[in-house]
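Asker: Coordinates for the following, if possible.
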Amino acid sequence: MLKTPSFLRFNKLRDLVSDSMAIDMGSTRTIIAVRGRGIVVDEPSIVAINKVTGEIVAIGAEAHDMQGREAREISLVSPLVDGVVADFERTQMMLDRFVLSARSGLSHFSRRAIMSVLSGVTHVEQRALLSAAEHSHIGRVYMVEEGLAAALGAGVSIDDKSASAVVDIGGGSTNVAVVARGSIVYSQAERIGGSDIDAAISDRLRRHHGLLIGELTAERLKIELATAIEPPDAARRMTVKGRDVQAGTPRAVEVTSGEICDAAQSSLQRLSRSVTRALAELPPEVAADIYDRGLILTGGGALLEGISEFLQRETHLATRLAEHPRHSIVIGLTQLYDEPLLLRRVTRNEPLLLLDPDEGAFESL
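Answerer: Numbers count the residues shown, from 1 in each chain. Just a heads-up that it's a prediction; the model follows:
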């Protein structure tokens, strides 16, 4: 029956009125790709809430634009912390909004979605993400470890017998995954990411200059002045404005690229140690493959200038940046729609958590 012309025509019609999604929900950004349409949502994972009524007034980019200048009755909340659900209800509402934005004009529901999850995610955290997806009217949800998705999105072949190591650096966490033959050989997630560098920069200005700055300013300093290695021009300066710690009045100071790089080093060293610990636990044959191939960097944190050179120096392994580091996970998740047998093998869903555990559920992928 699955091969009859009428059924095949029905499948094509169904693809026109529904969406197959790949969802990467991170602590700092949520990225959604739709099969056949590419990336359609790439927004901050943040929600603006009215503290008096408890109502959500803005989500995503709209809420992010308020950051640092929000009204006194408005509070900005990140529903996901370190890659896991911290506020279930608001995570539901945020995902519902993003999925609605991702749907095409003809689509009123989504047949299926593949979501990335951190290595070591607990059943409770997994169930929270699954329930949030159910609330968004997605028919079937499959969960795949983000390390495998990042590897596929970075160009690692599912048929490759040798092992490849992928370091995915996100806003709140860093995941080290070793993949061979389309399966994860080893994976470890650490609660260290780009947001920790922002916090270190803010702390540096508070302690050394007596200046309080906002999150947006700290991120801008990281992007414009920070490098993971010695800056080419350590004396390059930038004027930073904020609030004086003692006087409480607005004030401006000048900071140098060298100073910002020094502030970032503590977080970068923690990241390096987490990668080194992960590599130390690999089997000898896998370690030999990684010695030959080196590391692949993905995630938004991999865009920090000099990060590949820094990790290469610290690990003594060749290190390269993926072609599309920020979008590697959703690119890999989307590729799994073309490999239904692999998806069935690598999905992290428990049998009781699958929305459709029927044997034929994967045949129409």
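Asker: The stretch 151-300 of the chain: strands as residue ranges?
Answerer: In the stretch 151-300 of the chain, the segments counted as strands under DSSP state E, counting those that start in this stretch are 164-169, 174-180, 183-190, 211-212, 237-244, 250-256, 295-298.
Asker: Dump these to a markdown table, plus mean pLDDT and distance to residue 83.
Answerer: Any C-beta I mention is one placed from the backbone N, CA and C, and that applies to glycine too. Formatted as a markdown table, these follow (pLDDT from 0 to 100; distance: least, Cβ to Cβ, whole Å):
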| stretch | mean pLDDT | distance to residue 83 |
| --- | --- | --- |
| strand 164-169 | 96 | 10 |
| strand 174-180 | 94 | 8 |
| strand 183-190 | 90 | 7 |
| strand 211-212 | 96 | 28 |
| strand 237-244 | 96 | 29 |
| strand 250-256 | 96 | 30 |
| strand 295-298 | 97 | 14 |
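Asker: now these in TSV, with mean neighbour count and distance to residue 65?
Answerer: Shown next, in TSV, are the strands of the stretch 151-300 of the chain (neighbours: other Cβ atoms under 10 Å; distance: least, Cβ to Cβ, whole Å):
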stretch	mean neighbour count	distance to residue 65
strand 164-169	27	25
strand 174-180	25	28
strand 183-190	18	30
strand 211-212	18	21
strand 237-244	14	19
strand 250-256	14	21
strand 295-298	26	27
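Asker: Dump the ones you listed into CSV; add distance to residue 196 as well.
Answerer: What follows is the strands of the stretch 151-300 of the chain, written out as CSV (distance: least, Cβ to Cβ, whole Å):
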stretch, distance to residue 196
strand 164-169, 11
strand 174-180, 10
strand 183-190, 10
strand 211-212, 18
strand 237-244, 19
strand 250-256, 19
strand 295-298, 17
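Asker: among the ones you listed, which is nearest residue 68?
Answerer: Of all the strands of the stretch 151-300 of the chain, strand 237-244 sits nearest to residue 68, with 10.1 Å by Cβ to Cβ.
Asker: That closest one vs strand 250-256, what angle?
Answerer: Here the directions of strand 237-244 and strand 250-256 differ by 150 degrees (axes from the mean of the first three to the mean of the last three Cα atoms, to 10 degrees).
Asker: Quick one: list the elements packing against strand 237-244.
Answerer: Applying 3 or more Cβ pairs under 8 Å, 6 or more residues apart in numbering; DSSP states H and E, we find strand 237-244 packed against strand 211-212, helix 215-225, strand 250-256.
Asker: Now do the second one: distance to the chain's middle.
Answerer: Put plainly, it is helix 215-225. 19 Å (Cα atoms, centre = their mean, to the nearest Å).
Asker: Could you give me the buried positions within it?
Answerer: 217, 218, 219, 220, 221, 222, 225 (16 or more other Cβ atoms under 10 Å).
Asker: Residue 269: which of those is nearest?
Answerer: Among the buried residues of helix 215-225, residue 222 lies closest to residue 269 (Cβ to Cβ), at 16.0 Å.
Asker: I'd guessed the closest one sits against residue 196; true?
Answerer: No: counting by Cβ atoms under 8 Å, residue 196 is not a contact partner of residue 222; they are 10.6 Å apart.
Asker: Between the buried residues of helix 215-225, which sits nearest residue 262?
Answerer: For the buried residues of helix 215-225, the nearest to residue 262 is residue 225 (11.0 Å; Cβ to Cβ).
Asker: between the helices and strands packed on strand 237-244, which gets nearest to residue 20?
Answerer: Across the helices and strands packed on strand 237-244, closest to residue 20 is helix 215-225 (Cβ to Cβ), at 33.0 Å.
Asker: quick one: average confidence on that closest one?
Answerer: Per-residue pLDDT over helix 215-225 has a mean of 94.
Asker: pLDDT weak spots in this protein?
Answerer: 1-18, 104-110, 349-365 (pLDDT under 70).
Asker: count of residues packed around residue 235?
Answerer: Residues lying near residue 235 (other Cβ atoms under 10 Å) number 8.
Asker: partner residues bridging the residue nearest to it when sequence neighbours are not counted?
Answerer: Using Cβ to Cβ, 6 or more residues apart in numbering and skipping residues adjacent in sequence, the residue nearest residue 235 is residue 256, 5.8 Å away. Beta-bridge pairing of residue 256 under DSSP bridges involves residue 237.
Asker: isn't residue 256 right up against residue 237?
Answerer: Yes: look at residue 256 against residue 237 with Cβ under 8 Å: they come within range, at 5.5 Å.
Asker: residues touching residue 151, list them.
Answerer: Under the criterion of Cβ atoms under 8 Å, 6 or more residues apart in numbering, the neighbours of residue 151 are 164, 166, 177, 179, 296, 332.
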